[in-house]
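# fold the following, please.
(one chain, ligands or ions: 1)
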Amino acid sequence: MKPLRVVLFDSKPYDIEFFTKMNESYQFEIKYFKSHLSMDNVELAKGYDAVCVFVNDNITSDVADVIAAHNIKLIALRSAGYNNVDLKAVYKRIHVVRVPSYSPHGVAEHAIALMLSLNRKTHKAYFRTRDNNFNIAGLLGFDMFGKTAGIIGTGQIGLIAIRILRGFGMRVLAFDMFPKTDAAKELGFEYVDIDTLYRESDIISLHCPLTPETKNIINAESIAKMKDGVMIINTGRGKLIHTIDLIEGLKTHKIGAAGLDVYEEETQYFFEDHSSSIMNDDVLARLLTFSNVLITSHQAFFTQEALTNIAQTTFENIKLYFEKNELPNEICYQCSNEKCLRQETGKCF
Ligand code: NAI
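Numbering: from 1, shown residues only. Predicted structure coming up:
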C-alpha cells in the first residue's frame, strides 16, 4: 500500500522534530512547509491526502475551495482551537479534525505563571538584578491567598486553572454557558453570572473558545464593570479582548495588569523572530510599552508533553480516517462538537 501523503504548513523546527519522531510509528510521506497556508501557496497541497495546519493558517472559503478542488478530504488541525477554519465552507466537502486536548495542564500552568509574574513582578526583577540593581521599590505584589479569581470557561483548561488557584487559597468564581456543578462542588468554586464575576474578581482569566458570542467579551463596557486594578489574563484567543479598550483601561489604571499569551492580530508576529525589523503594528507596540503587561507569543501550550500529544493525535486522526473512515475528533460546523455526526447523518447529536 502506498504511504499516506501529508503536507504540514507553518512547520517550525520543533514541529519537524516531534512529527518526524512520531512518524517512525506511522511511516507517512510528509512534506514540511515553513510558510502559513494561504491563497498564495495552497496549490502546494495538490497531490497530498491530508493538509495539516496550525492556529495561524487560515482556512478561508477560497482556500477551502482549492483544497476541495484537489480532492483532498481531510484537514488535520494541530490545535484545539478551530476559529481559523471557515467551517461552513468546508462542510460536506472536507472533514476537519483537531487535537482536542494536548496540554490542558501546560496552558493552565502558563496562565498561572503570567498571574504570578505580573503580581510579584518577576519579569522586572529579572532585569534589575542582572544589572546589579537590588532595589525592590516598585515590585510590590499582593497575596493571592484570600483574593478572588474569575474564570470564564470551565472546560479542561479552566478547571485545571481553578484547581491550582484553589490550592493558593483563592476564592474562585466562574462563568460558563454549560456549568459543571459536580466539578464546582468538588473543587469548591461558585458559578455566577458574568457581571458578578466582573464585579468581584481581582484576577480574571479567559479559558473559553473564540465564538461569535465570546468575541471581544472584554471590552470597554465589561471593563467598566470590573474592580479597579483588576488583572486580566488571556491564554484563550486574542479576539476575546478588544485590544484598544484594554489599552484604554491600562492607561486609566482601571486595569492593573494584563498577561497575554494571545493577541488579536498575532498572525503577523507571533511564532516568528522579528527582532531585526521595525514593528508596524502600533497597537502591539503600545501594549509592549506597559511594564504591567506581559506578552508571551502563544506559548502556553508549548511543553514536551503537548508536542508529543499533538503529533500523535494528528497522525492518529489521519490514520483513522483513511484506514477506518473514523473521525473521532471531527468538528461540526453547526454545534462545534468534535463528536458530532452531522457530516454522516445530517443531524447533530
Ligand atoms: P474546552 O472545550 O474544554 O472548554 C471550553 C469551555 O468554554 C467549555 O466549558 C465551554 O462550555 C465554555 N464556553 C463556550 N462558550 C462560552 C461562552 N460564551 N461563555 C463562557 N464559556 C463558554 O476547551 P479547553 O481545552 O479548556 O480550551 C479553551 C480554549 O483555550 C480553546 O478554545 C483555545 O482557544 C485556547 N487554547 C489556547 C492555547 C494556547 O497555547 N494559548 C492552547 C490550547 C487551547
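# name the helix or strand for the closest residue to the ligand within the stretch 1-150 of the chain, please.
In the stretch 1-150 of the chain, no residue comes nearer to the ligand than residue 81, which is 3.6 Å away by Cβ to the nearest ligand atom. Just so you know, the C-beta spots here come from the backbone N, C-alpha and C atoms, and that holds for glycine as well. Residue 81 belongs to no helix or strand when assigned by DSSP states H and E.
# wait, doesn't it sit right on residue 55?
Yes: contact criterion Cβ atoms under 8 Å: residue 81 and residue 55 qualify, at 6.1 Å.
# okay, these two: which has more neighbours?
More neighbours surround residue 55 than the other of residue 81 and residue 55, with 23 against 16 (other Cβ atoms under 10 Å).
# I'd say the more buried one and residue 297 touch.
No: Residue 55 lies out of contact with residue 297 (Cβ under 8 Å); the separation is 11.6 Å.
# not counting sequence-adjacent ones, nearest residue to residue 171?
residue 148 (4.6 Å; Cβ to Cβ, 6 or more residues apart in numbering).
# and that neighbour, backbone torsions?
Per-residue torsions, residue 148: phi -110, psi 130 (degrees, to the nearest 10).
# assign a three-state SS to residue 232, would you?
What DSSP: H, G, I helix; E, B strand; the rest coil gives for residue 232 is strand.
# and it, what does it touch?
203, 204, 205, 206, 218, 241, 246, 255, 257, 258, 259 (Cβ atoms under 8 Å, 6 or more residues apart in numbering).
# over to residue 222?
Taking Cβ under 8 Å, 6+ apart as the test, what residue 222 contacts is 194, 198.
# quickly list what the spatially closest residue to residue 20 that is not a sequence neighbour is bridged to.
Excluding the flanking residues, the one nearest residue 20 by Cβ to Cβ, 6+ apart is residue 30, at 7.4 Å. The partner list for residue 30 in beta bridges (DSSP bridges) reads residue 6.
# burial count for residue 30?
20.
# now swap in residue 119 and tell me
20.
# quick check: which element contains it?
helix 104-120.
# so what touches that helix?
122-123, 139, 141-142, 144, 156-158, 160-161, 164-165, 203, 205, 207, 231, 233, 235, 257-261, 292, 294, 296, 299-303, 305-306.
# go on, stretch 257-269?
Contacts of stretch 257-269 (Cβ under 8 Å, 6+ apart): 36, 56, 58, 110-111, 114-115, 117-119, 231-241, 243, 246, 250, 270, 279, 281, 283-284, 287, 290, 292-300.
# return the subset of the contacts of residue 232 lying in helices.
Using DSSP state H, the subset of these located in helices is residue 246.
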